[in-house]
Structure formats: structure tokens, C-alpha cells
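> generate coordinates for the sequence data below:
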Amino acid sequence: MDDARIDHVVTSGTFSLDGGTWEVDNNVWLVGDDREVVIIDAAHDADEILAAVDDRRVVAIICTHAHDDHINAAEDLAKVTDALVMLHPADEELWRHVYPDDDFEPLHDGQEIEVAGVLLQILHTPGHSPGGVCVYAPQLNAVFSGDTLFEGGPGATGRSFSDFPTIIDSITERLLDLPPETIVHTGHGDSTTIGAEGPHLAEWIERGH
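Next up is the predicted model:
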């Protein structure tokens, strides 16, 4: 635990859903030490992610959800590292859009994954997608929010498989109760804190109606 750290890689590619395609930059987060690591979100560029992994053992590849920009390097990474790709099963239909023949290891709410002496807690936070999760690391004062919570508000809910009231419930019930100093490492863009985002809940709800 004393040597545990968070590494950050930004990869670029596209996100496609509902017949549209957009250019996106994704945050890939690596939690571990000099010996082992967990990859959170396998986005776009397996080689770039592997360069950040270096020669460490990959304990798991955790997908916060199954939009293609968060999983499109997952199978390439799994083949090289022999690590399991982990995803909440409520996102299986989205997963099959990218990997019709490949399976994943199911994640469940409350599950804990240990890496470098750090416990990563899985919080099921649907709304952006049915199987969206956040990964909470209390020992590192961090939560990896995928596309559930960003600096400035909740993730998008205007496309298939998403729902605005559901994401608001997820943020309210699962994230805003975390300590206010908790750093929110997002799926895209800058990090924020729970304390910075919580006071704006009413504004988000008003904006979403």
C-alpha cells in the first residue's frame, strides 16, 4: 500500500452509438505499484496502455461500462497480459456490439478487487448505461467515475441504454455520500472532487428537465 499510486494515460479514438460517430479522448487509469496494476477502462490504444503498464503484472482490466470507446482495446490487452476483462453484466448488450464472440468476467456491486495492498470497491452506478460502475479506492482518496460523473455534472443520457433520472439517483445514492475530499477521476476530461460537484445537484436536475 505504501508504494501504491495512480497512473494516467490519455488515448484518442472514436465513440460510436445510435448511428453516429464522434472523436473522443479517453482517460485510462492504472492503479498499482511497481509490481502489479489494475487497468481501469481499456480505451483505443492497447500499445500506449501497455507502455504505461511496463513490465507489471496486470491483475484485472476493469471496464466502467461497455461503450465502445471504453472497451475497444480490452481484448488486445487481455491477450497480451492474460488478465480478465471485468464488466457489469447489465452492459452485455453493448459489449456484444464490439465483441460478439468474446466473454468477460462479471462484476457485481460491492465486489472488492485488491491490487498493491489497495482495495478497489465496485459501485454499480447505472444511468449512462445499465451496467455502469464506479471504482472506489478509499485508501487512495479516489473514485474512478467512468462516464457517471464529470467535472460539471453527470454523464450524458441522451442516447440508447441511458436514463437521466437513473444517473441522478446513482450519483446521489452512491457517490455524493463519499467524503467530500474524494478525488473523482473521470472517463474524459479533468478530475474533480465530490465536494466540488455535490452542491450543484439541484442545478443538474433542473437542467435535465
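> give me the contacts around the helix or strand containing E93.
Taking DSSP states H and E as the definition, one finds E93 inside helix 92-98. Helix 92-98 has contacts (C-beta atoms under 8 Å, 6 or more residues apart in numbering) with H65, A66, H67, D68, I71, N72, L87, F104, S129, G131, F161. For the C-beta atoms, the positions are set from N, CA and C on the backbone; glycine is no exception.
> list the helices and strands the helix or strand just after it packs on?
Downstream of helix 92-98, the next assigned helix or strand under DSSP H and E is strand 105-106. Applying 3 or more C-beta pairs under 8 Å, 6 or more residues apart in numbering; DSSP states H and E, we find strand 105-106 packed against strand 85-87.
> which helices and strands sit right next to the strand it packs on?
By 3+ C-beta pairs under 8 Å, 6+ apart, strand 85-87 packs against strand 57-62, helix 74-81, strand 105-106.
> for H8, see how far away L175 is.
L175 is 20 Å from H8, where distance means C-beta to C-beta, to the nearest Å.
> what about those two, which has more around it?
For L175 and H8, the more surrounded residue by other C-beta atoms under 10 Å is L175, and the numbers stand at 22 against 11.
> need the nearest residue in space to that one, chain neighbours excluded.
L149 (5.8 Å; C-beta to C-beta, 6 or more residues apart in numbering).
> just I194 next, same as before
Per C-beta to C-beta, 6+ apart, closest to I194 is T182, 4.5 Å.
> then P130?
Using C-beta to C-beta, 6+ apart, the nearest residue to P130 is A90, at 3.9 Å.
> one more: G146?
T64 (2.7 Å).
> model confidence for that neighbour, exactly?
pLDDT recorded at T64 is 98.
> and it, how far from H70?
From T64 to H70 the distance is 6 Å (C-beta to C-beta).
> list of residues touching stretch 193-206?
Counting by C-beta under 8 Å, 6+ apart, 143, 149, 151-154, 168, 171-172, 175-176, 178-184 sit against stretch 193-206.
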